[in-house]
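S.K.: structural data only, the sequence is not supplied:
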Ligand SMILES: [Cu+2]
């Protein structure tokens, strides 16, 4: 038996190896690109930003616009981030001249509608940062929707809101 003709067991193990590699390699690519024919992600996140807070701050806020391009109502209740212990959905309301925040169980995203998270209104409350976050840092948020879909977004920390992130600047 020459060196160029591997024994049967070796041939089999090589085949098994290639088979396993072929299983492993295309998987991440398949996850990143939506398979053809699959519906596009219904929810789009726009103009997301996190105002920079003092380094000692125990909480930060995240603002964004959520657009439901789909044809059915979706609910967002679970948000996680590797940079924070907990993420909650809050609403700021003024009652008797006092500004208070209350926790919402979920955000309802109606089909074809936008939900604006902005200062003084609904926001994501980012609780217990795992690292100091300064202007220019990026925070990863994972938004889990009730249809099983989830959105991975990267949100910049900004010292100031610039024109692009300020909602309702109409230039007609
Ligand atoms: Cu809050």
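M.R.: Looks like it came in fine. Note that the structure is predicted; figures quoted are calculated from it, not measured. Numbering: from 1, shown residues only.
S.K.: from the chain, which residue is nearest to the ion?
M.R.: Nearest residue of the chain to the ion: residue 90, at 3.2 Å (CB to the ion). All C-beta spots, glycine's among them, are computed from the backbone N, C-alpha and C.
S.K.: avg pLDDT for the helix or strand encompassing that residue?
M.R.: Per DSSP states H and E: residue 90 is located in strand 84-95. Strand 84-95 carries an average pLDDT of 95.
S.K.: picking up where we left off before, which residues touch the residue of the chain closest to the ion?
M.R.: 61, 101, 102, 103, 104, 122, 123, 124, 125 (CB atoms under 8 Å, 6 or more residues apart in numbering).
S.K.: kindly report the same for residue 42.
M.R.: Contacts of residue 42 (CB under 8 Å, 6+ apart): 68, 69, 70, 72, 74, 147, 149.
S.K.: quick one: mean pLDDT for stretch 121-130?
M.R.: pLDDT averaged over stretch 121-130 gives 97.
S.K.: I meant stretch 141-157, not that one.
M.R.: Mean per-residue pLDDT for stretch 141-157: 95.
S.K.: quick one: end-to-end length of stretch 117-137, please.
M.R.: Chord length of stretch 117-137, first to last residue, is 20 Å (CA to CA, to the nearest Å).
S.K.: correction: the previous question concerned stretch 92-104.
M.R.: Stretch 92-104 end-to-end distance (CA to CA) = 10 Å.
S.K.: what's the helix or strand for residue 142?
M.R.: strand 138-145.
S.K.: can you pull out the strands in the chain?
M.R.: Using DSSP state E, the strands found in the chain span residues 43-51, 59-68, 74-80, 84-95, 98-104, 107-109, 114-117, 122-129, 138-145, 150-158.
S.K.: tell me what the shortest one is packed against?
M.R.: Same thing as strand 107-109. The criterion is 3 or more CB pairs under 8 Å, 6 or more residues apart in numbering; DSSP states H and E, and the helices and strands that strand 107-109 contacts are strand 59-68, strand 74-80, strand 114-117.
S.K.: buried sites along the longest one?
M.R.: Looking back up the chat, that one is strand 59-68. Under the neighbour-count criterion of 16 or more other CB atoms under 10 Å, strand 59-68 has 60, 61, 62, 63, 64, 65, 66, 67, 68 buried.
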